[in-house]
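Peer 1: A predicted structure for the sequence below; I have some questions about it.
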Amino acid sequence: DTEVTQTPKHLVMGMTNKKSLKCEQHMGHRAMYWYKQKAKKPPELMFVYSYEKLSINESVPSRFSPECPNSSLLNLHLHALQPEDSALYLCASSQRDRGNEKLFFGSGTQLSVL
Amino acid sequence: GENVEQHPSTLSVQEGDSAVIKCTYSDSASNYFPWYKQELGKGPQLIIDIRSNVGEKKDQRIAVTLNKTAKHFSLHITETQPEDSAVYFCAASSRSSYKLIFGSGTRLLVRP
C-alpha cells in the first residue's frame, strides 16, 4: 500500500475563515511533507516533519500552521489566507532508500480563497 | 543550490511513437533522480527513479538514462498510449536531504 490520503479534496474559504487540511499515511514512513502547487508549476516545498518534529520550514507565512499529531497524521491549519494562496496543496510521505528519501504524494486539496 | 532545467515544456506525439524528456542538474552532490507523472486533478506519481551509480534503468515502456559527467538525465517512453498524456516532472536530490528539486515540467500529449 503506497497511499497517502488527503481530505478534503476541494475547499473554498473566505479570507477570515479558519480551516484545516488533513493527511494520513499508513506506510510507516517517518517523514511527511506539505507542498504547494500553482497551476502549470512544479510543487514547492513548504514544511517537512521528520520523526514528528518540524525539520524544515521554507519561510512560509504564519497564516499556514503545520501540525504532526503522530507519525501517521499531518495537518495544515489555515487562517486569514489571501486569494494568492489559492493552489493545490499536496501532502507527501517518504521512506529512506539507500540514503535518499523516496517521496509518495497524495492527490491534494484544491484550495480556493475568496 | 541545486537547479534543475527541463525540456521541452510541451511535447505532442502520435500514439505509438516514442517521447523523450530531458533534464539537466547543476549540483554534483545530487545522486538521486526520480521522475513523476501528474494527471489532471491528481498528485504527482513516482514512475521511475535512478541513482548516480547507474547509467540506465528500464521498467516496461519507460526508461531513464543518466550521464553523470554531463549532468544530464532523460526519460524515454516507447510505444506511447493516450493514457501517457500527463505532466511529467524530473527531480534531483542529494543523500540525506529532504529537499527534492523539481524541473519545470513537460506537458505530454499523445494523439490517438
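Peer 2: It's in. Remember, it's a predicted structure, so these values are computed and weren't measured experimentally.
Peer 1: distance check, the residue lying closest to residue A:75 once chain neighbours are set aside against residue A:20.
Peer 2: Nearest residue to residue A:75, sequence neighbours excluded (C-beta to C-beta, 6 or more residues apart in numbering or on different chains): residue A:67, at 4.4 Å. Placement of C-beta: from N, CA and C, glycine included. As defined by C-beta to C-beta, to the nearest Å, residue A:67 lies at a distance of 8 Å from residue A:20.
Peer 1: then residue A:76?
Peer 2: 7 Å.
Peer 1: residues of stretch A:53-68 that come out buried?
Peer 2: Within stretch A:53-68, the residues scored as buried using 16 or more other C-beta atoms under 10 Å in any protein chain shown are A:56, A:60, A:64, A:66, A:68.
Peer 1: so how far does it reach from one end to the other?
Peer 2: The straight-line separation of the ends of stretch A:53-68 (C-alpha to C-alpha, to the nearest Å) is 8 Å.
Peer 1: which residues in chain B form strands?
Peer 2: Ranges of strands within chain B are B:4-7, B:10-14, B:19-25, B:30-38, B:45-51, B:56-59, B:62-67, B:72-77, B:86-94, B:101-102, B:106-111, based on DSSP state E.
Peer 1: need the ones you listed in JSON lines with mean neighbour count, can you?
Peer 2: Output for the strands of chain B, formatted as JSON lines (neighbours: other C-beta atoms under 10 Å in any protein chain shown):
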{"stretch": "strand B:4-7", "mean neighbour count": "18"}
{"stretch": "strand B:10-14", "mean neighbour count": "13"}
{"stretch": "strand B:19-25", "mean neighbour count": "20"}
{"stretch": "strand B:30-38", "mean neighbour count": "22"}
{"stretch": "strand B:45-51", "mean neighbour count": "17"}
{"stretch": "strand B:56-59", "mean neighbour count": "12"}
{"stretch": "strand B:62-67", "mean neighbour count": "18"}
{"stretch": "strand B:72-77", "mean neighbour count": "20"}
{"stretch": "strand B:86-94", "mean neighbour count": "23"}
{"stretch": "strand B:101-102", "mean neighbour count": "21"}
{"stretch": "strand B:106-111", "mean neighbour count": "17"}
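Peer 1: would you format these as JSON lines with distance to residue A:93 included?
Peer 2: Formatted as JSON lines, the strands of chain B follow (distance: least, C-beta to C-beta, whole Å):
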{"stretch": "strand B:4-7", "distance to residue A:93": "22"}
{"stretch": "strand B:10-14", "distance to residue A:93": "30"}
{"stretch": "strand B:19-25", "distance to residue A:93": "24"}
{"stretch": "strand B:30-38", "distance to residue A:93": "14"}
{"stretch": "strand B:45-51", "distance to residue A:93": "12"}
{"stretch": "strand B:56-59", "distance to residue A:93": "22"}
{"stretch": "strand B:62-67", "distance to residue A:93": "23"}
{"stretch": "strand B:72-77", "distance to residue A:93": "24"}
{"stretch": "strand B:86-94", "distance to residue A:93": "15"}
{"stretch": "strand B:101-102", "distance to residue A:93": "17"}
{"stretch": "strand B:106-111", "distance to residue A:93": "25"}
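Peer 1: okay if I get the ones you listed as JSON lines plus mean pLDDT and distance to residue A:6?
Peer 2: Below are the strands of chain B laid out as JSON lines (pLDDT from 0 to 100; distance: least, C-beta to C-beta, whole Å):
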{"stretch": "strand B:4-7", "mean pLDDT": "98", "distance to residue A:6": "25"}
{"stretch": "strand B:10-14", "mean pLDDT": "98", "distance to residue A:6": "28"}
{"stretch": "strand B:19-25", "mean pLDDT": "98", "distance to residue A:6": "27"}
{"stretch": "strand B:30-38", "mean pLDDT": "97", "distance to residue A:6": "15"}
{"stretch": "strand B:45-51", "mean pLDDT": "96", "distance to residue A:6": "14"}
{"stretch": "strand B:56-59", "mean pLDDT": "96", "distance to residue A:6": "26"}
{"stretch": "strand B:62-67", "mean pLDDT": "97", "distance to residue A:6": "26"}
{"stretch": "strand B:72-77", "mean pLDDT": "98", "distance to residue A:6": "26"}
{"stretch": "strand B:86-94", "mean pLDDT": "97", "distance to residue A:6": "19"}
{"stretch": "strand B:101-102", "mean pLDDT": "96", "distance to residue A:6": "19"}
{"stretch": "strand B:106-111", "mean pLDDT": "98", "distance to residue A:6": "24"}
